[in-house]
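Participant: Okay, predicted coordinates and the sequence, questions at the end:
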Amino acid sequence: MDLSTVIGLIAGIGSLLAGYLLEGGSVGALGQFSAACIVFGGTAGAVITSFPLSSLKNLPNWLKVAFTSQSFGTAEAYETLVRFAEKARREGLLSLEQELESVTDRFTRQGMQLVIDGTDPEITKEILESNIAVLEKRHRVGINVFEAAGGFGPTLGIIGTVMGLVKVLGNLSDPNELSKSIAAAFIATLYGVASANLIYLPIASKLKMKDKIEVSAMEMILDGILSIQAGENPAILKEKLKTHIGTISENQEGSGAPSGSPAMERS
Amino acid sequence: MDLSTVIGLIAGIGSLLAGYLLEGGSVGALGQFSAACIVFGGTAGAVITSFPLSSLKNLPNWLKVAFTSQSFGTAEAYETLVRFAEKARREGLLSLEQELESVTDRFTRQGMQLVIDGTDPEITKEILESNIAVLEKRHRVGINVFEAAGGFGPTLGIIGTVMGLVKVLGNLSDPNELSKSIAAAFIATLYGVASANLIYLPIASKLKMKDKIEVSAMEMILDGILSIQAGENPAILKEKLKTHIGTISENQEGSGAPSGSPAMERS
Amino acid sequence: MDLSTVIGLIAGIGSLLAGYLLEGGSVGALGQFSAACIVFGGTAGAVITSFPLSSLKNLPNWLKVAFTSQSFGTAEAYETLVRFAEKARREGLLSLEQELESVTDRFTRQGMQLVIDGTDPEITKEILESNIAVLEKRHRVGINVFEAAGGFGPTLGIIGTVMGLVKVLGNLSDPNELSKSIAAAFIATLYGVASANLIYLPIASKLKMKDKIEVSAMEMILDGILSIQAGENPAILKEKLKTHIGTISENQEGSGAPSGSPAMERS
Amino acid sequence: MDLSTVIGLIAGIGSLLAGYLLEGGSVGALGQFSAACIVFGGTAGAVITSFPLSSLKNLPNWLKVAFTSQSFGTAEAYETLVRFAEKARREGLLSLEQELESVTDRFTRQGMQLVIDGTDPEITKEILESNIAVLEKRHRVGINVFEAAGGFGPTLGIIGTVMGLVKVLGNLSDPNELSKSIAAAFIATLYGVASANLIYLPIASKLKMKDKIEVSAMEMILDGILSIQAGENPAILKEKLKTHIGTISENQEGSGAPSGSPAMERS
Amino acid sequence: MDLSTVIGLIAGIGSLLAGYLLEGGSVGALGQFSAACIVFGGTAGAVITSFPLSSLKNLPNWLKVAFTSQSFGTAEAYETLVRFAEKARREGLLSLEQELESVTDRFTRQGMQLVIDGTDPEITKEILESNIAVLEKRHRVGINVFEAAGGFGPTLGIIGTVMGLVKVLGNLSDPNELSKSIAAAFIATLYGVASANLIYLPIASKLKMKDKIEVSAMEMILDGILSIQAGENPAILKEKLKTHIGTISENQEGSGAPSGSPAMERS
């Protein structure tokens, strides 16, 4: 479970309710089915029009990514690549064939297979980079969907409030009733602004952070594979990978970076 | 028919009406000819001033693109390119001449013709990339027009409301009439914000997504053609094209990608 | 005359007036000299502070560009370049000297002169590209001025309205008078938002579109000249120029593109 | 004196006052010490927190740049560079040593010294480009400070108005007094929006324009120096410099560009 | 202590309070626990959801950076690099080994170690640049967190005010009480806008400025190390480093740049 997503959502929504109750507001007044229908239905409509259905089908996956903790196995990948580099230097690239079975990460396995097959380094690089680019495009769609919802939400809140005011002003009678109706109209603004700023935009941001971590991990593996293919000294390979890990662990929750990662911050 | 465009529009506008009716508003009050005149007339005027007439003439085409489902035939193109690559390797580039008739896609045919004519690879690449660039510029104009409408809409809604308030405040009489007039003035804001957020901006986004898919399909074909011209191994060509298809099918509705497309998402 | 600029302005401003009259507003109430002074004087002041006087002196030129229809003679340039390429191939570059007199376009003439003088291709390219860059910078200033006016306009509208409210609230007497004064205060917002969204920003956009067309035309000519200098096959030159024309005619009003231009849109 | 800065500020602020007086407002009501304290003090605080003190110390310099007219001596630099190029071609680079004393521009002198010392062309270019980059970074800080003030100003205006309303609503008594207090609260919004849009943002824009002119002048000198070092034909050098001057004079007040500068605008 | 951060915060918040007291407001009315709960709790929730916990743990570090004055030892690094360059030229790169102990800066030591070990220049550059990139990514997260807080703050202020109004309007009784409740509701807007514009955004800006200074210092060291490795003339090295120092001292508080740094500003 991704702790910060869960804690953040609970803290955000909880603070709003706590502050409202402290002021002596009644929670019942915050529930407005018609406002919810306008704001959430309208936001959904705008998002559905904006993206192809095949993209939107991934919504459950994106939510899963935002709410669960992923391990990108960078520490493990580091060990594997260093071991491969040393073995390749001693016994040649072909000796890695039998090790390949044990690699669980598909990207590492695909890359090493290309190396063992003797693919031209330029083409190896191109194919692996294309795979990273595909992943990034896929992630980007998810980020875009949540950012779009974060943009449409508040405007639909305004629409809901304006519709409420139109209804109220169009038929005035009891002034006490009037103020209650105006209060109800504001609920739509509340729904729109709160859903965008406590849910949609923070989740878009969280997905963006996770995309960066995964892409960094794949770039580390790419660099390692190309270094092995070029027959570089394993010491150089270690130095390069450690720098990558420095970036990744910076952004990762429960990072599994090896202890020897560089710490360049000046004291 | 592009399902998500149609479903999204119906869901969005439907939610607004449903919420309004649930609150007990009368639909008649939402129809305001003068507000519509200011908001839609003004938005149209601003958009017409912003773009040349020759661009705006494409409005029906853009709407057609947004509302219908296009097939970019990537699966078919994949098959064709692989078949051509294998034939070219066995029997030479010239053997492809007779196959060319059967290719329905103009871009593939133009590219293969250049290859068969023995055009310099650099120039082949340049001409085909220019063709993609022309397509992108054409699409970009459509996206820009809808984004401009989405930007002008809400501000013209504000203009309409301000004009309504000016009229109301300039001649007060019956206070009950007053509140009805203020309600009417807000209708302009409603039109402006709703048209921008439920129609113009989502359609701009949909056009952008479809542009990306078509351009990706053309880039795949371009890559394939250059690979055939360079006489690369068909196995490499397959690997390259599959990566492209990974990107395309990600974004496409009812994708026809071959089953062997790469799935790099980590489990 | 640039039809879309004129039609757009008339349609936009006309729609506002029509909607207002339909509501039963009196046009006289829309004329407020003090509001006009604050909004238009203030916008002018902000724009004058923002740019050097020597730039602002071009205001009449920019308006002329926005309101008249320019011919960039791409069809004519295409014919000329193809004719030159064929003649150069048959009779050598020097044979073009006598033709040069008949070329009316300064950019084409300057470029061909450099070619005939035997200037190094790299330097020819550099000089011509610098000329295009100068033109773009010049155009950019005009676009920036209108975009700045479009940004300052609405904020000065708000300033005008706030000043009006300050005056009204500072000395209340007759409540009926009060509402009229508030209405008058709103006129400033109306002026600011309407001038920005119906005039300044659409004209900035139109100037941007025309800049793109002119630059594309010059890039076509540049490509043609370099192709002639390199002694490329006229058939290749034709193919290259046609692609450029595809882009240009896409954006141009009353395009004069030759009928053989490529049409890559998929059916 | 930079005429457009002074005229613009007077025109902008004057228009506001004129419009206000025409409406019959009393100027005294616009002076609100407490609002000024909140808005200008708050903006100053936000800007001071945002930037290091050593940067802010340059504030008087930036104001001097915005309010005075600078001569970048491009015409003079053009003459000097052409003269040097011709002399170097006739008598060799070393012959320029004695001329160097007479050059008043530090950048030209430093560059020519490097050339005469026989520094490697790559390193000469690198050092001079670094000097331009240093200048640009220095200018950028000034632009950023004024843009930050332009961003903070209106929000502090809102803060001031909200604080005023809080005070008013917290202790109601005489309703006539009430309206005066609300009017006073709006003065803060007026201060914030007007200072940002009439002063801070236009000055940021003016500084940006002047930065572009100075950098263009230095790039012209750099190009000239490298051309002299490469021993290029003075005719080519002239052609190159004239194009630069075309860009510079476009943006400069009281331009001193030689009459032979290119005018590529199509008729 | 970073003077400008402390002075700026005191000046900003002090100006607000001073202005409010001058108007005769009571400070007690500004303290609203429920509003603080909604605005600060909500902002915290949104930020926590947006970033991984491992990033947020660095909050104390970022605050320390913003509030204390750092020395990046550029003057010292300059001396060291020039001394090393001269020694390396006289006695060879290996002679630097014994000097390395005395270098306190980790980045300089790591770089010089790579040079002494005879690492390939390309790889040396790559490793050191990666280290700079890691530092920049780390800093960027801090900047992003404060910018996110600056974005969420005002919207949560609006949410708080809307919630307050909903509560008030939902149960009207004593009109005098009403106005006090509305005043209280506005406190939330005050908290949100003020915290964003006086604290979060200025601190984000300050962190950005400091990131630029530190990265510039590291780039200077990188350039120096590569110059030593390439065996360049110490005079050229000095010229290069001085230009870097010109940029750094421009942005630094209490700069320790050597007196010979270039001053290119034209008089």
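Facilitator: On my side now, so go ahead.

Participant: Helix E:121-170 and the helix ranked longest in chain A, what's the angle between them?
Facilitator: Criterion DSSP state H: the longest helix present in chain A is helix A:121-170. In terms of direction (axes from the mean of the first three to the mean of the last three Cα atoms, to 10 degrees), helix A:121-170 departs from helix E:121-170 by 10 degrees.

Participant: How far off centre is helix A:121-170?
Facilitator: Helix A:121-170 has its C-alpha centroid displaced from the chain centroid by 12 Å (Cα atoms, centre = their mean, to the nearest Å).

Participant: quick check, that helix touching chain C?
Facilitator: No. Helix A:121-170 lies out of reach of chain C by Cβ under 8 Å from any Cβ of the partner chain, never closer than 15.6 Å. Heads up, the C-betas are built off the backbone N, CA and C, glycines and all.

Participant: pretty sure residue A:35 contacts residue A:162?
Facilitator: No. Judged on Cβ atoms under 8 Å, residue A:35 makes no contact with residue A:162 at a distance of 11.7 Å.

Participant: neighbour count winner among these two?
Facilitator: Legend: neighbour count by other Cβ atoms under 10 Å in any protein chain shown for residue A:35 and residue A:162, higher for residue A:35 (28 against 25).

Participant: So the more buried one versus residue E:181, what's the distance?
Facilitator: 22 Å (Cβ to Cβ, to the nearest Å).

Participant: Also residue A:128?
Facilitator: 62 Å.

Participant: between those two, which one's more packed in?
Facilitator: Counting neighbours by other Cβ under 10 Å for residue A:128 and for residue E:181 shows that residue A:128 has the greater number, 22 against 19.

Participant: Does that one touch residue A:112 like I think?
Facilitator: No. In this structure residue A:128 lies outside contact range of residue A:112 using Cβ under 8 Å: 10.5 Å.

Participant: and residue A:65, what helix or strand is that in?
Facilitator: helix A:59-67 (DSSP states H and E).

Participant: how about that helix, does it get close to chain E?
Facilitator: No. If you take Cβ under 8 Å from any Cβ as the test, helix A:59-67 misses chain E, and the best it gets is 8.6 Å.

Participant: Could you do stretch A:230-239 as well?
Facilitator: Yes. Stretch A:230-239 reaches chain E (Cβ under 8 Å from any Cβ) through A:236, A:239.

Participant: How far off centre is that stretch?
Facilitator: Chain-centre distance of stretch A:230-239: 32 Å, with Cα atoms, centre = their mean.

Participant: What residues sit buried inside that stretch?
Facilitator: For stretch A:230-239, the neighbour count (16 or more other Cβ atoms under 10 Å in any protein chain shown) marks A:232, A:234, A:236-239 as buried.

Participant: Touching it from outside, list them.
Facilitator: Residues outside stretch A:230-239 that contact it (Cβ atoms under 8 Å, 6 or more residues apart in numbering or on different chains): A:81-82, A:85-86, A:88-89, A:121, A:224, A:227-228, E:119, E:123, E:127.

Participant: What subset of these is buried?
Facilitator: Among these, those classed as buried by 16+ other Cβ under 10 Å are A:81-82, A:85, A:88, A:224, A:227-228, E:119, E:127.

Participant: Give me the subset of the residues you listed lying in helices.
Facilitator: Members of the buried ones among the contacts of stretch A:230-239 lying in helices (criterion: DSSP H): A:81-82, A:85, A:88, A:224, A:227-228, E:127.

Participant: leaving aside the residues next to it on the chain, what's closest to the residue at minimal distance from the centre of chain A?
Facilitator: Nearest to the geometric centre of chain A sits residue A:207, at 1.1 Å (Cα atoms, centre = their mean). Counting by Cβ to Cβ, 6 or more residues apart in numbering or on different chains, residue A:207 lies nearest to residue A:143, which is 5.0 Å off, once chain neighbours are set aside.

Participant: which ones are touching the one you found?
Facilitator: A:204, A:207-208, A:211 are the contacts of residue A:143 under Cβ under 8 Å, 6+ apart.

Participant: at 6 Å what do you get?
Facilitator: Each residue near residue A:143 by Cβ atoms under 6 Å, 6 or more residues apart in numbering or on different chains is listed here: A:204, A:207-208.

Participant: Return the nearest residue of chain A with respect to chain D.
Facilitator: Closest to chain D within chain A is residue A:23: 15.6 Å, counting by Cβ to the nearest Cβ.

Participant: roughly how far apart are residue A:181 and chain B?
Facilitator: As for residue A:181, its distance to chain B is 9 Å (criterion: Cβ to the nearest Cβ, to the nearest Å).

Participant: just residue A:207 next, same as before
Facilitator: Distance from residue A:207 to chain B, by Cβ to the nearest Cβ: 14 Å.
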